[in-house]
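> Let me see the structure of the following:
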Amino acid sequence: MSRSIHRLSPLQVKNLSKPGLHPDGGSLYLNVSASGTKSWRIVYVRNGKRFELGIGPLSSVTLSNAREKAAEARKLLQEGEDPKQHWAKQRPSKDKNFGSIAIEHIEAHEPAWKNAKHRQQWRNTLTTYAATIWDRPVDQITVEDILGILKPIWATKPETASRVRGRIETVLDAAKVRGLRSGENPAAWRGNLALLLPTRKKGSQRHHPAMPFAQVPSFFKDLGELSALTARALELTILTAARTSEVLHAQWSEFDLEAAIWTVSAERMKAGREHRVPLSPPAVKLLTSLQGGHDTLVFPGQAEGKPLSNMSMEMCLRRMKMDRYTVHGFRSSFRDWVGEVTDFPREVAEFALAHIVGSATERSYRRGNSFEKRRELMNAWAEFCLPAV
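Sure thing, here's the model as predicted:
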């Protein structure tokens, strides 16, 4: 048997974890999503166009089954037929239900969703709250079905209800584009559910509870007395005014300690833009003290290849009896300190927080991001946090 096909072994299929398409050969690929879920895809070219055809998740389609399906696809192509169209004609109506379309939509789009929590929430909200329509053919879902889902949670869980409605609307729109349903979207808000459900009251904007900046030096001193790796992660978070995920998923390859620069790739940033962080002397000293291990992660967790838990720093605050504040709130502490104590310009502070500053027109004329001024700012912040250093 040629090694051009059947490249994957059952053990490889089980252990593969790198996101992307992994070829078995003969147009068959194992797709590993960013969240770790695995599914089979057939990739082929017809009339000069490339097509990807999902044939099911690994949990229900074995390697052997997937190879049989790929062989069938190759035969259909040789006979001049499009596998996707051929199988669509034979597909029973249950394959056109809401659940199957929802899963296909999630798998198609989740590689572009950077936030793992967001990816998981998409699945969880639909499987939990859309259970009554999960097996329903998408062309049979009505406004009454959607109301039956939303009414029980509309007043008690308004944020969740809003997300559920929006995600159902998106899935049904995708089904319509694929020709699986027609007519108005029963989950649409304007001119539809807006006439049947009460308008949500807008409450005051929620903010992450932040420690008053005047308390940060004392807290930093107490934090330095803890030996846990989590405490070091929280120290770096405060010194760099970074987000939790940026710190926990940091890799040693991102740091140039000699130049005192931390470069976070666009893929890891909320705004989708590369962010260079000037490291203060205390931040460099902290990172230097952590070097010497063999892990690629700066803050490895207990599971191999995984960082500390997203809740690890919050738990550190809890153990220090500081759980009235949040980790994210230290970014606000930093911003308040800049605005009330220093003379640094507003845009320098915003750049330090990796916020997008100014209108699109202003950004098009701006060539820099005040890096050297930010270095002065972060050095001043470190001196404030550790006045004895």
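> and residue 107, how many residues sit next to it?
Residue 107 has 17 neighbouring residues, counting by other Cβ atoms under 10 Å. Just so you know, the C-beta spots here come from the backbone N, C-alpha and C atoms, and that holds for glycine as well.
> Run the chain-centre distance for whatever helix or strand it lives in.
Residue 107 belongs to helix 98-109 when assigned by DSSP states H and E. Remark: helix 98-109 is offset 17 Å from the chain centroid, using Cα atoms, centre = their mean, to the nearest Å.
> Could you do stretch 239-247 as well?
Worked out by Cα atoms, centre = their mean, stretch 239-247 lies 16 Å from the chain centre.
> Ok, stretch 327-338 next?
Computed by Cα atoms, centre = their mean, the chain-centroid distance of stretch 327-338 equals 23 Å.
> Could you list every helix and strand that the helix holding residue 107 packs against?
The elements that helix 98-109 packs onto, with contact taken as 3 or more Cβ pairs under 8 Å, 6 or more residues apart in numbering; DSSP states H and E, are strand 49-57, helix 116-129, helix 158-177.
> Try it again at 7 Å.
Here helix 98-109 touches helix 116-129, helix 158-177, going by 3 or more Cβ pairs under 7 Å, 6 or more residues apart in numbering; DSSP states H and E.
> angle of the first one against helix 158-177?
If I follow you right, that is helix 116-129. Angle between the axes of helix 116-129 and helix 158-177 is 80 degrees (criterion: axes from the mean of the first three to the mean of the last three Cα atoms, to 10 degrees).
> how big is the angle separating the following helix or strand past helix 116-129 from helix 98-109?
The first helix or strand that comes after helix 116-129 along the chain, using DSSP H and E, is helix 143-154. Orientation check (the same axes, to 10 degrees): helix 143-154 against helix 98-109 gives 70 degrees.
> sorry, back to before: hey, which of the helices and strands packed on helix 98-109 is tucked in deepest?
Stretch with highest mean neighbour count among the helices and strands packed on helix 98-109: helix 158-177 (a mean of 18; mean count of other Cβ atoms under 10 Å).
> hmm, who's touching that helix?
98, 101-102, 105, 122, 125-126, 129-130, 138, 141, 146, 149-150, 153-154, 181-182, 185-189, 193, 200 (Cβ atoms under 7 Å, 6 or more residues apart in numbering).
> any idea how far that helix is from the chain center?
Using Cα atoms, centre = their mean, the offset of helix 158-177 from its chain centre is 19 Å.
> what mean pLDDT does that helix have?
Mean pLDDT, computed over helix 158-177, is 90.
> Over to stretch 241-250?
93.
> re earlier: would you write a ChimeraX line that selects the buried entries of the contacts of helix 158-177?
Buried subset of the contacts of helix 158-177, written as a ChimeraX selection, criterion 16 or more other Cβ atoms under 10 Å:
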select :98,101,102,105,122,125,126,129,130,138,141,146,149,150,153,154,181,185,186,187,188,193
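> would CSV of the helices and strands packed on helix 98-109 with distance to residue 219 be doable?
CSV is the format used below for the helices and strands packed on helix 98-109 (distance: least, Cβ to Cβ, whole Å):
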stretch, distance to residue 219
helix 116-129, 27
helix 158-177, 31
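> Which among those helices is found nearest to residue 18?
With Cβ to Cβ as the criterion, residue 18 lies closest to helix 116-129 of the helices and strands packed on helix 98-109, at 15.3 Å.
> So which elements touch the closest one?
So helix 116-129, by 3+ Cβ pairs under 7 Å, 6+ apart, packs with helix 98-109, helix 158-177.
> what's the neighbour count on residue 26?
Residue 26 has 17 neighbouring residues, counting by other Cβ under 10 Å.
> Nearest to residue 321, out of the helices and strands packed on helix 98-109?
Residue 321 sits nearest to helix 116-129 of all the helices and strands packed on helix 98-109, at 26.7 Å, using Cβ to Cβ.
> Need the contact partners of the closest one.
34-35, 102, 106, 110, 113, 149, 153, 160, 163-164, 167.
> pLDDT at the nearest residue to residue 300 once chain neighbours are set aside, what is it?
Leaving aside its sequence neighbours, residue 300 sits nearest to residue 307 (Cβ to Cβ, 6 or more residues apart in numbering; 6.3 Å). At residue 307, the model reports a pLDDT of 91.
> re earlier: would JSON lines of the helices and strands packed on helix 116-129 with distance to residue 247 be doable?
Below are the helices and strands packed on helix 116-129 laid out as JSON lines (distance: least, Cβ to Cβ, whole Å):
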{"stretch": "helix 98-109", "distance to residue 247": "27"}
{"stretch": "helix 158-177", "distance to residue 247": "26"}
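> Could you say which one of those comes nearest to residue 279?
Between residue 279 and these, the shortest gap by Cβ to Cβ is with helix 98-109, which sits at 35.3 Å.
> Please state the mean pLDDT value computed over the closest one.
88.
> what helix or strand does residue 230 sit in?
Judged by DSSP H and E, residue 230 forms part of helix 229-240.
> so what secondary structure elements neighbour the next helix or strand after that helix?
Using DSSP H and E, the helix or strand that follows helix 229-240 towards the C-terminus is helix 244-248. In terms of contacts (3+ Cβ pairs under 7 Å, 6+ apart), helix 244-248 is packed against helix 229-240.
> Tell me which residues are up against the helix it packs on.
Contacts of helix 229-240 (Cβ under 7 Å, 6+ apart): 220, 223, 244, 247-248, 262, 277, 280, 282-283, 286, 290, 299, 308, 312-313, 316, 327, 330, 382, 385.
> Surely residue 348 is in contact with residue 371?
No: judged on Cβ atoms under 7 Å, residue 348 makes no contact with residue 371 at a distance of 9.8 Å.
> The two: which is more packed in?
Higher neighbour count among residue 348 and residue 371: residue 348, with 19 against 14, using other Cβ under 10 Å.
> Fine by me, we can end here.
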